[in-house]
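J.: below is the structure, and that's it, no one-letter string:
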């Protein structure tokens, strides 16, 4: 039976509460968090909301701050602009990247599906914004191999579940 995928309507920013990055000090795997436990702090500056981000690495490197800039949509973390841990070359020099294992799960489910359906969510979702080469059936095997390789670089404890679809969220 052919695998089916229905767009859950998530946007890229919904995966940004936990981003795996390369540590600027040691080059190892580090984590950018939006919250520590149940706490999530916000601050308003210049009419814009800023969320506290915590950068932690096993080497001891740590940064706490309220980054002023948020840049979504490339192979860097949207807050500290560090290179993503889950980033690899795929399909002739293109970059396949994800913020975290839940993001990888969504990409894998979409690419592996033979039947892909749009959800009843208005606007451009993460899936709707994927580049054509990721959506192409001719690249399916290579994209799935790359996703498996990226997933293998993450310890099982970091393999979190996907965020719930929020139909009112904007990209």
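T.: In hand now; what should we look at? Keep in mind the model is a prediction, meaning the values are calculated, not measured.

J.: quick one: low-confidence ranges for this structure?
T.: Confidence mapping of the chain against pLDDT under 70 gives the ranges 1, 35-50, 157-171.

J.: ok, which stretches of the chain are helices?
T.: Using DSSP state H, the helices of the chain run over 101-112, 132-135, 140-152.

J.: okay, the ones you listed, which one's buried deepest?
T.: helix 101-112 (a mean of 21; mean count of other C-beta atoms under 10 Å). The way it works is simple: take the backbone N, C-alpha and C, and place the C-beta from them, glycine included.

J.: list the residues that contact the most centrally placed residue in the chain.
T.: Centroid-nearest residue in the chain, with C-alpha atoms, centre = their mean: residue 99, separated by 2.6 Å. By C-beta atoms under 8 Å, 6 or more residues apart in numbering, the residues touching residue 99 are 12, 15-16, 18-20, 77, 84, 86.

J.: of all these, which two lie farthest apart?
T.: The largest separation in those, counting by C-beta to C-beta, is between 12 and 20 at 14.8 Å.

J.: and these two? Which one has more around it.
T.: Shown here are residue 12 and residue 20; by other C-beta atoms under 10 Å, residue 20 has more neighbours (24 against 15).

J.: residues in contact with the nearest residue to that one once chain neighbours are set aside?
T.: Closest residue to residue 20 apart from its sequence neighbours, by C-beta to C-beta, 6 or more residues apart in numbering: residue 85 at 3.8 Å. For residue 85, the contacting residues are 20-22, 29-30, 153-154, by C-beta under 8 Å, 6+ apart.

J.: repeat that with 6 Å
T.: 20-22, 29 (C-beta atoms under 6 Å, 6 or more residues apart in numbering).
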